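Participant: my questions concern the predicted model and sequence given below.
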Amino acid sequence: LALLCAGSMLVFDAALAQKMRVAYWTSGVSLGFGSVLEDGKFLEKEGLDVEFIKFGDVNAPTKAIASHAIDIAIGASAAGALNIAADGLPIKIILGTQLAEAQFAVLADSPIKSFADFKGRKIGMSPPGSATHAIAAALLEYNYGLKPSDYTVVPGTEPRLAQFLIQKEIEVAAIRSTTVAQMNEVKLRSLGNFLDEWKKMTKSGASPYIGIAI
């Protein structure tokens, strides 16, 4: 028993000595969540040895989990995580990190007055593979009958989408309220938000998550 306990302690100490690899996407709310976690050293304060890894592609943290290149993906796309789980990868969702809090915004002088006017328009949103993209497409289809072929998706990060909207390269942007608040140099008009549209689609009081920790 003494030898078994000693051996177990050696294995336990070796496990603790390993650096925990935590990754996040460097855009959207994922960037804010990951950078605050990193700069605040919350994990280190719990006695963990952590290495933070940053990815410029929204799908990269999920792919890194699949290849065992990282241990935890913070703020990973919920859509991507559920896809790889459906494919049989033994992942575990350990935390809901971000609500799908975004708005369908247009410039104040835009001729677009309602969702019915989205047909044939250029709509900026997060890249395909992100949960925000999947939720936006679902809301437009199930609440307003707009299929992906009815409009043109222009993918981009939050700063790029804001720039595209200001420069009128897109006519609608699915962007977060934090981004809208920072765009104080232009007047915007919101046609609806994800939380209300999700409740309308699901006929429930539930809220959608776009970011999870896996």
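Facilitator: Structure's in. What do you need?
Participant: all the helices of this structure, in order from the start?
Facilitator: 2-17, 28-39, 42-45, 60-66, 78-86, 131-144, 158-166, 177-182, 194-202 (DSSP state H).
Participant: please produce a markdown table containing those, extended by distance to residue 53 and mean pLDDT.
Facilitator: Any C-beta I mention is one placed from the backbone N, CA and C, and that applies to glycine too. Converted to a markdown table, those look like this (distance: least, CB to CB, whole Å; pLDDT from 0 to 100):
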| stretch | distance to residue 53 | mean pLDDT |
| --- | --- | --- |
| helix 2-17 | 19 | 48 |
| helix 28-39 | 10 | 85 |
| helix 42-45 | 13 | 94 |
| helix 60-66 | 7 | 89 |
| helix 78-86 | 16 | 85 |
| helix 131-144 | 20 | 93 |
| helix 158-166 | 21 | 93 |
| helix 177-182 | 24 | 87 |
| helix 194-202 | 28 | 94 |
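Participant: could those go into JSON lines alongside mean neighbour count?
Facilitator: Shown next, in JSON lines, are the helices of the chain (neighbours: other CB atoms under 10 Å):
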{"stretch": "helix 2-17", "mean neighbour count": "9"}
{"stretch": "helix 28-39", "mean neighbour count": "18"}
{"stretch": "helix 42-45", "mean neighbour count": "12"}
{"stretch": "helix 60-66", "mean neighbour count": "21"}
{"stretch": "helix 78-86", "mean neighbour count": "18"}
{"stretch": "helix 131-144", "mean neighbour count": "20"}
{"stretch": "helix 158-166", "mean neighbour count": "19"}
{"stretch": "helix 177-182", "mean neighbour count": "15"}
{"stretch": "helix 194-202", "mean neighbour count": "17"}
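Participant: between those, which one is nearest to residue 52?
Facilitator: Closest to residue 52 of those is helix 28-39 (CB to CB; 4.7 Å).
Participant: which helices and strands does that closest one pack with?
Facilitator: strand 20-25, strand 50-55, strand 95-99, strand 209-213 (3 or more CB pairs under 8 Å, 6 or more residues apart in numbering; DSSP states H and E).
Participant: now residue 138, nearest residue through space, not along the chain?
Facilitator: residue 201 (7.0 Å; CB to CB, 6 or more residues apart in numbering).
Participant: quickly note the distance from that neighbour to residue 164.
Facilitator: Using CB to CB, to the nearest Å, we find residue 201 at a distance of 26 Å from residue 164.
Participant: contact partners of stretch 103-111?
Facilitator: Here stretch 103-111 makes contact (CB atoms under 8 Å, 6 or more residues apart in numbering) with 112, 115, 117, 136, 165-166, 168, 171-177, 180, 186-194.
Participant: quick check: mean pLDDT of stretch 97-116?
Facilitator: Averaging pLDDT along stretch 97-116 gives 93.
Participant: buried stuff in that stretch?
Facilitator: By neighbour count on 16 or more other CB atoms under 10 Å, the buried set for stretch 97-116 is 97-98, 100-107, 110, 112, 115.
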